[in-house]
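Visitor: Make a model of this:
(one chain, ligands or ions: 2)
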Amino acid sequence: MLQELDTTPKPGLVDRSDQGAHADMDYACFRRSIEAVVPYFAATGALAAGKSPDEVLWRKVRKIGCEAETAMFSATGGVNTHKGQIFVLMLLVAAASSEGASGIPGLQKGIRIMTRGMVYKELGNGLHNKNELSHGERLFLSHGITGVRGEAEAGFPVIFECGLPVYTAMLGSGYSVNDASLQALLAIMCSAEDSTVVHRGGLEALRFVQSSSLAAVALGGVRTEAGRNYLYAMNREFILRGLSPGGCADLLAGTIFVHEAEKELRIHGRA
Ligand SMILES: CC(C)(COP(=O)(O)OP(=O)(O)OC[C@H]1O[C@@H](n2cnc3c(N)ncnc32)[C@H](O[C@H]2O[C@H](COP(=O)(O)OP(=O)(O)OP(=O)(O)O)[C@@H](O)[C@H]2O)[C@@H]1O)[C@@H](O)C(=O)NCCC(=O)NCCS
Ligand SMILES: Nc1ncnc2[nH]cnc12
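Guide: Ligands and ions are numbered 1, 2, ... in the order given. Model prediction:
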């Protein structure tokens, strides 16, 4: 979580140099949020150890996730800093600590089993009767967007097929952790259906985020001066338009976690 926060310059997002397109949160607020939620991940890892990654485990993990969300809101004074990230990382921590984890295929399989049917159960069924809807729920009804739940049920393809290969290749070529994270974020932004972006600016904003990320990658991203300049310009433009790809930041944190978890699993002979 810290590495995601520290990655700079992230377009429209809070980082070491600015607070992106956010009036209500800054770097210090994110640090408080991280401090508040970290213990819940340790609890999830301990709970999942040696267990099958199934619906029973996920129900228990989700309860811890809800507690983490409550701790986040009380640390930030009610600001949603990490709701999506808590959800993504809880799932990944549970899958990586569980019995089923053996390398990337095992990790993805565990996630898919734990979240099987989630989109239908939580979005496709009965939302019309709910009094209060979250942004994600509302966007499902208006645009059919499945957001973080759809990503999870599909086994986080944006992490495993976009973020992770780019992150690993960049580190393997000798780039810094910051550069590798930025390049992975661009790859994620090219593909993710980020409901935070759609909530703020509609489908047009999502197309803008995806096409400007593609343009940045085409220029070489952080690997060229032109790409770096473009990235700074993207940050200015996202701030002007009030765009924050918060869901993509969550998937970057997931990418970083998977990279580290894969090393750990290899060390312990489970990859
Ligand atoms: C499943 C839960 C995440 C709950 O879902 P919920 O329906 O409550 O929330 P959503 O609106 O669907 O948002 C989920 C957050 O997921 C992130 N996200 C969006 N798209 C993607 C994606 N494609 N892949 C991954 N992640 C995605 C995103 O989080 C980030 O953005 C947040 C900041 O957004 P911002 O616009 O600045 O702030 P808001 O307050 O949201 O808007 P304003 O009102 O200010 O305009 C930041 O958090 C980032 O992390 C989405 O926000 C999970 O919470 C859950 O399981 N909850 C428990 C449900 C339950 O079981 N309840 C019963 C008892 S506890
Ligand atoms: N660094 C960040 N800035 C804004 N929203 C986020 N959601 C998760 N990480 C974020």
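Visitor: Name all residues that make contact with S244.
Guide: G12, L13, G20, A21, H22, T196, V197, R200, F238 (CB atoms under 8 Å, 6 or more residues apart in numbering). Yep, even glycine has a C-beta here, placed from its N, CA and C like the rest.
Visitor: One more pass at 6 Å, please.
Guide: Residues counted as contacts of S244 (CB atoms under 6 Å, 6 or more residues apart in numbering) are G12, L13, G20, A21.
Visitor: what's the most distant pair in those?
Guide: L13 and A21 (7.9 Å; CB to CB).
Visitor: So for the two, which residue has more residues nearby?
Guide: L13 (27 against 21; other CB atoms under 10 Å).
Visitor: Helix, strand or coil: sort out that one for me.
Guide: coil (DSSP: H, G, I helix; E, B strand; the rest coil).
Visitor: Go ahead and confirm it touches A249.
Guide: Yes: contact criterion CB atoms under 6 Å: L13 and A249 qualify, at 5.2 Å.
Visitor: so where does A215 fall, helix or strand?
Guide: Per DSSP states H and E: A215 is located in helix 195-218.
Visitor: Please export the C-alpha coordinates of that helix as CSV.
Guide: The C-alpha trace of helix 195-218 is given here as CSV (Å, rounded to 0.1, in the frame of the first residue of the first chain):
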residue,chain,number,x,y,z
SER,A,195,-15.8,2.6,-11.7
THR,A,196,-14.3,5.5,-9.8
VAL,A,197,-13.5,7.2,-13.2
VAL,A,198,-17.0,6.5,-14.6
HIS,A,199,-18.6,7.8,-11.4
ARG,A,200,-16.8,11.1,-11.7
GLY,A,201,-16.9,11.7,-15.5
GLY,A,202,-19.0,9.1,-17.2
LEU,A,203,-17.9,6.7,-20.0
GLU,A,204,-16.3,9.5,-21.8
ALA,A,205,-13.9,10.0,-18.9
LEU,A,206,-13.1,6.2,-19.0
ARG,A,207,-12.3,6.5,-22.7
PHE,A,208,-10.1,9.5,-22.0
VAL,A,209,-8.1,7.7,-19.2
GLN,A,210,-7.6,4.7,-21.4
SER,A,211,-6.6,6.5,-24.6
SER,A,212,-4.2,8.9,-22.8
SER,A,213,-2.6,5.9,-21.1
LEU,A,214,-2.2,4.2,-24.4
ALA,A,215,-0.6,7.3,-25.9
ALA,A,216,1.8,7.5,-22.9
VAL,A,217,2.8,3.8,-23.5
ALA,A,218,3.2,4.4,-27.2
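Visitor: Which residue would be the closest one in the chain to ligand 1?
Guide: G136 (1.8 Å; CB to the nearest ligand atom).
Visitor: residues in contact with that residue?
Guide: Going by CB under 6 Å, 6+ apart, the list of residues near G136 reads G147, S195.
Visitor: Now do the helix or strand in which it is found and helix 195-218, the angle between them.
Guide: Take DSSP H and E as the rule and G136 turns out to sit in helix 135-143. For helix 135-143 against helix 195-218, the angle by axes from the mean of the first three to the mean of the last three CA atoms, to 10 degrees is 80 degrees.
Visitor: hmm, helix 135-143 touching ligand 2?
Guide: No: Helix 135-143 stays out of contact with ligand 2 when judged by CB under 6 Å from any ligand atom, the minimum separation being 13.2 Å.
Visitor: Quick check, pLDDT for E264.
Guide: What the model reports for E264 is a pLDDT of 76.
Visitor: any idea of the pLDDT on the residue lying closest to it once chain neighbours are set aside?
Guide: Setting aside the residues directly before and after it, E264 is nearest to A96 in space (CB to CB, 6 or more residues apart in numbering), at 7.7 Å. We have a pLDDT of 93 for A96.
Visitor: Is A96 in contact with A261, as I believe?
Guide: Yes: proximity of A96 to A261 meets the contact threshold set by CB under 6 Å, at 4.4 Å.
Visitor: The residue nearest to E264: neighbour count?
Guide: Using other CB under 10 Å: A96 sits among 25 other residues.
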